[in-house]
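J.: Predicted model and sequence follow; I will ask about them next.
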Amino acid sequence: MRITCSLQRLASCSYDLVLDGKIIGGVVREIATGGDAPVWHAKLLDDPPLIKRPYPFSKIDHTFGTFNAVMVWLGGAAIANDPLAA
């Protein structure tokens, strides 16, 4: 079963991952060095057993090449209170 999360923007390229009003993790962009492509991480704060991890998390940290790929993986999570969306 797919969860419905929202992202709360903290700073440029940094978001809290919120589920049912509780922060369960974060989405952040890793700073690329030496011309490497940026890497985005969707990471849980805790490391619960697989059976208790919110879908689609099969491990604690997943990596992506773009922010859009993270959003698709999360099922189109909404960005709540995004000051740049105004």
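T.: Looks like it arrived, so ask away.
J.: Only C-alpha atoms from now on, for both contacts and neighbour counts.
T.: Noted.
J.: Tell me the secondary structure of Val70, please.
T.: Assigned state for Val70: helix (three-state reduction, DSSP: H, G, I helix; E, B strand; the rest coil).
J.: just checking, it touches Val39?
T.: No: using C-alpha atoms under 8 Å, Val70 is not in contact with Val39; the gap is 10.5 Å.
J.: Please enumerate the strands of the protein.
T.: 6-11, 14-19, 22-30, 39-44, 61-64, 78-80 (DSSP state E).
J.: I'd like these as a markdown table, with mean pLDDT and distance to Leu50 appended.
T.: Listed next are those as a markdown table, based on pLDDT from 0 to 100; distance: least, C-alpha to C-alpha, whole Å:
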| stretch | mean pLDDT | distance to Leu50 |
| --- | --- | --- |
| strand 6-11 | 90 | 21 |
| strand 14-19 | 93 | 17 |
| strand 22-30 | 94 | 15 |
| strand 39-44 | 96 | 12 |
| strand 61-64 | 96 | 13 |
| strand 78-80 | 83 | 25 |
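J.: Please render these as CSV that adds mean neighbour count to the earlier fields.
T.: Compiled in CSV, the strands of the chain are given as follows (neighbours: other C-alpha atoms under 10 Å):
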stretch, mean neighbour count
strand 6-11, 18
strand 14-19, 20
strand 22-30, 18
strand 39-44, 20
strand 61-64, 16
strand 78-80, 16
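J.: okay, those in a markdown table with distance to Pro54 next?
T.: Shown next, in a markdown table, are the strands of the chain (distance: least, C-alpha to C-alpha, whole Å):
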| stretch | distance to Pro54 |
| --- | --- |
| strand 6-11 | 13 |
| strand 14-19 | 9 |
| strand 22-30 | 9 |
| strand 39-44 | 9 |
| strand 61-64 | 12 |
| strand 78-80 | 16 |
